[in-house]
Structures are given as C-alpha cells and as structure tokens.
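**Student:** Generate coordinates for the sequence data below:
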Amino acid sequence: MKKVEIFDPAMCCSTGVCGPSVDPDLTRVASAVYSLEQKNFDVTRYNLANDPAAFTDNKEVNQVLHEKGADALPITLLNNEVVKVGNYPTNDELAKWLDVKADELQQKPRVAVPIDFN
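**Tutor:** Sure, this is the predicted structure:
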C-alpha cells in the first residue's frame with residue numbers, strides 16, 4: 001500500500017483549520033486527507049509545532065530543511081520519497097499517486113458541535 005506523509009509548518013492545531021481566517025488550501029488538504037483516511041489509505045500529517053521529532057527523524061525531510069530552511073514546508077513524501085516541496089499536493093496529485101478519482105477527495109468531516117443554552 002502506498003504511503004503519503006505531509007510535513008506541515010508550525011500551526012496552531014493539527015490541521016491548521018482553526019482561527020478567525022482559515023487558508024482555503026488547508027481546508028482542502030484536511031478534507032482530502034480525511035477522505036483518504038476514510039478509504040483506509042495510509043496518510044499522515046505532521047505539524048512542526050506538535051511533532052518536531054518526526055521532522056528530525058526523517059532523513060529526507062531533514063535534508064530538505066537543511067538545504068532550503070523552513071520555507072520549504074510543507075513537504076510531501078510518497079513512499080518515503082520527497083514528491084513536493086513548498087506547497088501542498090493538489091487533489092489531482094493525490095488522486096494520481098493513490099489511484100483514486102480527484103472528486104473522491106472532497107468529503108467533509110462531520111463533527112458534532114454541542115450547544116449549551118445555559
């Protein structure tokens with residue numbers, strides 16, 4: 001099975017989809033990753049703020065960061081090989097890499113939001 005790893009820059013939360021102004025690209029990536037996870041694909045995101053060891057322990061990511069600095073983030077690996085640096089993968093790229101249709105990557109997570117009227 002193919003494995004995709006996305007190494008994100010430091011963000012306030014695991015997806016970066018929080019706060020008053022959300023980058024639409026982060027929303028798209030979060031939806032794509034969620035959709036792939038629902039189909040049992042091996043997709044992992046690492047946030048520099050929360051998972052610094054993942055960045056230092058991965059030889060390929062560490063090398064890119066030493067050569068280009070933190071501006072190289074996000075970095076995407078496919079089967080432990082760097083396939084994209086400096087931008088998130090498009091839905092078309094993810095679809096091609098994982099042999100799925102791009103329109104299958106737009107499933108939105110459904111989250112129950114409690115409402116407290118007290």
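
**Student:** so where do the helices sit in the chain?
**Tutor:** Listed in chain order, the helices of the chain (DSSP state H) span residues 24-38, 52-57, 59-68, 91-98.

**Student:** will you turn these into a markdown table that also has mean pLDDT?
**Tutor:** Compiled in a markdown table, the helices of the chain are given as follows (pLDDT from 0 to 100):
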| stretch | mean pLDDT |
| --- | --- |
| helix 24-38 | 88 |
| helix 52-57 | 95 |
| helix 59-68 | 96 |
| helix 91-98 | 95 |
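
**Student:** Switch these over to TSV; also include distance to residue 81 and mean neighbour count.
**Tutor:** In short, each C-beta sits where N, CA and C put it, glycine included. Supplementary listing: the helices of the chain in TSV, determined by distance: least, Cβ to Cβ, whole Å; neighbours: other Cβ atoms under 10 Å:
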stretch	distance to residue 81	mean neighbour count
helix 24-38	18	17
helix 52-57	16	13
helix 59-68	7	14
helix 91-98	11	18
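
**Student:** Throw these into CSV and include distance to residue 75, thanks.
**Tutor:** Compiled in CSV, those are given as follows (distance: least, Cβ to Cβ, whole Å):
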stretch, distance to residue 75
helix 24-38, 13
helix 52-57, 9
helix 59-68, 5
helix 91-98, 14
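
**Student:** Minimum distance to residue 76: which of these has it?
**Tutor:** Proximity to residue 76 (Cβ to Cβ) singles out helix 91-98 among these, at 8.3 Å.

**Student:** Name the surrounding residues that touch that closest one.
**Tutor:** 2, 4, 28, 32, 36, 41, 78, 83-84, 89, 100-102, 104-106 (Cβ atoms under 8 Å, 6 or more residues apart in numbering).
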